[in-house]
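*Asks:* Predicted model and sequence below, questions to follow.
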Amino acid sequence: ERRRSLGISDDAFVFGYLGRFGAEKNLELLIRAFNEVNLPQSHLLMVGGKSEALEALNQHPNTTFRGSTTTPEHFYPLMDAYVLPSISESAPLAILEAMACGVIPLSTPVGNVPSYLNREIGFLFSPHSTSDLVSAMQSLLDAPDEQEARRKRARDLVIQEFDWQASAQRIAEIIHKTLS
């Protein structure tokens, strides 16, 4: 029902981005790649800002832009894949939030992302290559039988490695090791 309220069909494969629309986010790459994928059963959901330049670059009719939100948990479940095309990040939380919701991650190798994102879960792509991102997007669309397993692995990874209890345990181990 929420998908339909945004003009997204229930059977669409939704690539999404949720975050600030800053220059370092490299969102032009995502728009260009989605324009090239151009499959009628796919949709691009962009949440987090307003950009006339991005909207002008968009040529795909199945694209929805939404402004900033204080309820990202309402948007992640609408996505099948979360795309982080950033040029610069340290430890991006949005990709982990999406993965916690069972969304397949596609990201540039920024910050700590390469330490946990592998091909069993999602895809890394070059921040300077539209064709790299198109290839990752197409790979997901071409292998629908793998999508559920990827979603589960993404969610499981976040639960096992990034929940507060696991993080607190790692910090305690570091403190203990340092003080010993």
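*Replies:* Nice, thanks for sending it over. Everything quoted here is computed from the prediction, not taken from an experiment.

*Asks:* Tell me the buried residues in the lowest-mean-pLDDT helix or strand in the chain?
*Replies:* Each helix and strand of the chain was given a mean pLDDT (mean pLDDT, DSSP states H and E); the minimum falls on helix 52-57 at a mean of 84. Of the residues in helix 52-57, those buried by neighbour count under the rule 16 or more other C-beta atoms under 10 Å are residue 54. For the C-beta atoms, the positions are set from N, CA and C on the backbone; glycine is no exception.

*Asks:* Any idea how far it is from the middle of the chain?
*Replies:* Between the mean C-alpha point of helix 52-57 and the mean C-alpha point of its chain there is a distance of 20 Å (C-alpha atoms, centre = their mean, to the nearest Å).

*Asks:* what mean pLDDT would you report for the helix or strand that that helix is followed by?
*Replies:* With elements assigned by DSSP states H and E, the helix or strand that comes after helix 52-57 is strand 63-66. Averaged over strand 63-66, pLDDT sits at 92.

*Asks:* which residues touch strand 63-66?
*Replies:* Counting contacts by C-beta atoms under 8 Å, 6 or more residues apart in numbering, the residues outside strand 63-66 that touch it are 6-8, 31, 34, 43-48, 50-51, 54-55, 75.

*Asks:* out of these, which are inside helices?
*Replies:* Within these, membership in helices is found for 31, 34, 54, 55, as judged by DSSP state H.

*Asks:* all strands for the chain, in order.
*Replies:* For the chain, the strands defined by DSSP state E cover 13-18, 42-47, 63-66, 81-84, 104-107, 123-124.

*Asks:* Would you mind giving those strands as JSON lines with mean neighbour count and distance to residue 158 added?
*Replies:* Output for the strands of the chain, formatted as JSON lines (neighbours: other C-beta atoms under 10 Å; distance: least, C-beta to C-beta, whole Å):
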{"stretch": "strand 13-18", "mean neighbour count": "23", "distance to residue 158": "16"}
{"stretch": "strand 42-47", "mean neighbour count": "24", "distance to residue 158": "20"}
{"stretch": "strand 63-66", "mean neighbour count": "16", "distance to residue 158": "24"}
{"stretch": "strand 81-84", "mean neighbour count": "28", "distance to residue 158": "12"}
{"stretch": "strand 104-107", "mean neighbour count": "25", "distance to residue 158": "10"}
{"stretch": "strand 123-124", "mean neighbour count": "20", "distance to residue 158": "17"}
